[in-house]
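>>> with the input below, show me the fold.
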Amino acid sequence: MSDTDLRETVRRRYAATAVQVTDGGTACCTPVETDENFGSALYAADDRSALPAEAVAASLGCGNPTAVASLREGDRVLDLGSGGGIDVLLSARRVGPTGKAYGLDMTEEMLALALANAAKAGATNVEFLKGTIEAIPLPAGTIDVVISNCVINLSTDKPAVFAETFRVLRPGGRIGVSDVVSDDALSAPQRAERGSYVGCIAGALSFTEYREGLEAAGFTDVEITQTHEVADGLHSAMVRATKPA
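From the prediction side, this is the model:
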């Protein structure tokens with residue numbers, strides 16, 4: 001597939017998820033179909049119970065980036081690929097009324113679901129933006145923390161994602177990302193054999209590629225820690241890095 005076709009395939013998949021959750025109504029809300037390596041079960045029960053059921057049901061991530069990022073009162077947080085809003089709403093609670101949580105998504109259906117979930121949660125310190133993670137619609141140097149949950153692997157231009165993330169962070173800002181990362185020994189065709197692009201497998205970077213990509217964008221103190229295996233030789237990982245002060 002071309003990059004354009006891959007992006008459209010990703011958009012359609014996540015739009016369908018949003019419609020599935022929305023059409024189910026408030027009482028539906030069992031999670032969308034995933035395996036045990038992805039989804040809302042990776043969040044603490046207390047976190048899940050504090051959010052609208054639809055936000056929990058729409059979760060398709062491979063970790064819990066709000067736990068990775070060590071959010072503080074007053075932080076301005078940006079979630080790349082915010083989906084139904086679970087990580088934005090959790091972030092908003094952690095940063096408090098003096099902070100703010102932004103969600104960025106390219107899918108109209110997910111944005112509509114996220115806005116509805118924010119209203120149900122009574123969250124006033126949140127804002128959802130339409131756009132792509134390769135061209136973030138925010139000014140430079142305005143964000144304290146960038147988070148993301150199993151979305152960067154879906155991008156067809158990861159250097160642009162890293163560069164844009166670096167641009168919007170203030171000096172001293174940081175990232176706390178959950179993503180799928182491949183063993184260095186696996187080639188791109190071998191990754192594709194283990195799962196689809198839209199399933200967060202074929203587009204995964206290796207540990208070395210991820211580190212080098214972040215460092216090329218200007219990040220320092222890069223840490224990539226695997227948490228659990230999602231396919232043979234591919235892992236959910238916590239990724240941390242800092243923009244130099």
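>>> what residues sit buried inside the longest strand along the chain?
The residue-count maximum for a strand in the chain (DSSP state E) belongs to strand 169-182. Across strand 169-182, burial judged by 16 or more other Cβ atoms under 10 Å covers L169, G173, R174, I175, G176, V177, S178, D179, V180, V181, S182. C-beta here means a position set from N, CA and C on the backbone, and glycine is covered the same way.
>>> name the helices or strands packed onto that strand?
helix 65-68, strand 143-149, strand 205-206, helix 207-217, strand 220-231, strand 234-242 (3 or more Cβ pairs under 8 Å, 6 or more residues apart in numbering; DSSP states H and E).
>>> between helix 207-217 and that strand, find me the angle.
Strand 169-182 runs at 160 degrees relative to helix 207-217, counting by axes from the mean of the first three to the mean of the last three Cα atoms, to 10 degrees.
>>> quick one: strands adjacent to strand 169-182?
strand 143-149 (parallel), strand 205-206 (parallel), strand 234-242 (antiparallel) (DSSP bridges).
>>> quick one: mean pLDDT over that strand.
Averaging pLDDT along strand 169-182 gives 96.
>>> related to what we said a few turns ago, of the helices and strands packed on strand 169-182, which is nearest G195?
strand 220-231 (5.3 Å; Cβ to Cβ).
>>> give me the distance from the closest one to the chain's centre.
Chain-centre distance of strand 220-231: 14 Å, with Cα atoms, centre = their mean, to the nearest Å.
>>> so of the strands paired with strand 169-182, which one's packed in deepest?
strand 143-149 (a mean of 26; mean count of other Cβ atoms under 10 Å).
>>> residues in contact with that one?
Strand 143-149 is contacted from outside by 59, 61-66, 68-69, 71, 75-81, 83, 87, 91, 102, 133, 165, 168-170, 173-179, using Cβ atoms under 8 Å, 6 or more residues apart in numbering.
>>> would you list the buried entries among these?
59, 61-66, 68-69, 71, 75-81, 83, 87, 91, 102, 133, 165, 168-169, 173-179.
>>> can you pull the contacts of P137?
Contacts of P137 (Cβ under 8 Å, 6+ apart): L104, L129, K130, G131.
>>> ok, the third one touching Y102?
Yep, that's K130 we're talking about. No - judged on Cβ atoms under 8 Å, K130 makes no contact with Y102 at a distance of 11.6 Å.
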